[in-house]
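>>> Coordinates for the following, if possible.
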Amino acid sequence: MNNTLTELQQEVTTLTRKLKDLKKEIAKVIIGQEETVEQLLITFLGGGHALLEGVPGLAKTLMIRTLSQAIDLDFKRIQFTPDLMPSDIIGTEILEEDQTTGKKFFEFKKGPIFANIILADEINRTPPKTQAALLEAMQEFEVTYSGKTYSLERPFFILATQNPIEQSGTFPLPEAQQDRFLFYIKIGYPTAAEETHILKSTTSGVKQTVHPVLTGADILRLQQLVREVPISDNLIDFVSTIVRATRPETTTNDYVKQWVGWGAGPRAGQAMILTAKARALSQGRMAVTLEDIKNVALPVLRHRVIVNFKAEAEGITSDQVTTHLLKEVNLAAN
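The predicted model follows:
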């Protein structure tokens with residue numbers, strides 16, 4: 001038993017060291033944005049997908065491309081446009097001819113969804129019909145075409161980017177589809193020092209080379225280990241209390257009743273626990289802490305707590321609701 005525990009600890013140490021090396025490789029190209037990179041890795045370790053929002057020019061595409069290079073996985077970028085069709089994503093059947101017999105047959109040509117890491121760039125630029133083409137792949141890790149099911153190779157990770165909602169010509173993702181994303185990450189502008197560094201490094205002739213430090217097998221093992229990270233019953237109760245408190249119909253919190261139109265479902269609690277475990281493991285810990293829960297609460301609940309029209313008019317966001325609840329529930333727990 002002790003030998004098994006020691007071997008597990010050694011494995012965790014080795015893999016978390018590789019995660020640190022991964023961050024160093026990404027930092028060769030991506031300046032700053034440590035929190036965003038951390039949240040992307042947590043999403044990856046949790047086996048889920050991320051929705052990332054930010055204005056153009058913040059290196060969203062470069063960030064995920066660099067991540068794929070450092071993990072040595074197949075990467076595909078899909079540019080979502082108003083005329084994009086579902087078949088442009090999942091693939092289509094092509095009429096082929098057997099050169100020997102002359103017989104014609106249909107063969108399925110796989111689309112760009114058949115990769116390990118997918119960048120769904122500007123997902124809110126395409127109509128709902130095409131957005132929905134990602135649902136089965138995201139949830140079931142497979143694609144069905146003409147009654148036949150094709151499995152997607154693991155690990156499989158979708159990073160979808162979107163423009164801020166106030167920009168014209170967009171199709172906001174329905175709440176049910178947003179719920180499929182483990183994290184909703186908001187990326188901000190760099191600091192003054194980081195921006196100066198960016199300007200210097202990107203306008204010189206020096207080009208950084210990113211080396212793969214993780215394999216797909218390493219990621220799959222890390223995803224298995226994440227689910228083995230223990231969490232106390234008290235912290236599970238804390239997560240359940242937070243999630244249930246977001247629902248106007250059942251909450252006792254007046255702030256929620258005043259500003260929230262729709263609360264988070266059970267998937268939010270699952271996501272919060274899973275990503276808290278992933279954060280703990282990424283830091284070399286085999287136990288979840290309260291700090292882990294609080295750290296992941298905003299990106300987990302950001303797209304699952306829907307504020308009402310009155311809140312939108314007053315500038316109240318779901319992040320403010322979550323921050324308020326974290327303070328209230330924490331005080332009640334103490």
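>>> What are the boundaries of the strands in the protein?
Remark: strands assigned in the chain by DSSP state E are 50-53, 75-79, 91-97, 104-110, 117-121, 142-145, 148-151, 157-162, 183-186, 260-262, 306-307.
>>> Low-confidence stretches in this protein?
1-3, 5, 58, 165-169, 205, 330-334 (pLDDT under 70).
>>> Tell me where the longest helix sits in it.
Assignment by DSSP state H gives helix 2-27 as the longest helix of the chain.
>>> helices or strands up against that one?
Where contact means 3 or more C-beta pairs under 8 Å, 6 or more residues apart in numbering; DSSP states H and E, helix 2-27 is packed against helix 34-45, helix 60-71, helix 216-228, helix 266-282. To be clear about C-beta, it is placed using only N, CA and C from the backbone, and glycine gets the same treatment.
>>> on that earlier part again, could you look over the strands of the chain and pick the most buried one?
Most buried of the strands of the chain by mean neighbour count (mean count of other C-beta atoms under 10 Å) is strand 157-162; its value is a mean of 25.
>>> Looks like Lys294 contacts Leu325 (just checking).
No: in this structure, Lys294 is not within contact of Leu325 by C-beta atoms under 8 Å, at 10.7 Å.
>>> Settle it for me: which of the two has more neighbours?
Shown here are Lys294 and Leu325; by other C-beta atoms under 10 Å, Leu325 has more neighbours (23 against 18).
>>> How much space separates the more buried one from Gln223?
Between Leu325 and Gln223 the distance is 29 Å, computed by C-beta to C-beta, to the nearest Å.
>>> And Lys104, by the same measure?
Distance from Lys104 to Gln223, by C-beta to C-beta: 43 Å.
>>> again with Asn308
37 Å.
>>> for the residue nearest to Ile30 when sequence neighbours are not counted, what are its contacts?
Once flanking residues are discounted, Ile30 sits nearest to Met63: 5.3 Å by C-beta to C-beta, 6 or more residues apart in numbering. Each residue near Met63 by C-beta atoms under 8 Å, 6 or more residues apart in numbering is listed here: Ile26, Ile30, Gln33, Thr36, Val37, Leu40.
>>> neighbour-wise, which of those leads?
Ile26 (23 neighbours).
>>> who's the residue lying closest to Thr317 once chain neighbours are set aside bridged to?
Nearest residue to Thr317, sequence neighbours excluded (C-beta to C-beta, 6+ apart): Val307, at 6.7 Å. On the basis of DSSP bridges, Val307 is bridged to Val260.
>>> Who are the contact partners of Phe75?
So Phe75 contacts Ile64, Arg65, Ser68, Gln69, Ala115, Asn116, Ile117, Ile118, Leu119 (C-beta under 8 Å, 6+ apart).
>>> what's the distance between the third one and Leu222?
Using C-beta to C-beta, one gets 16 Å for the distance from Ser68 to Leu222.
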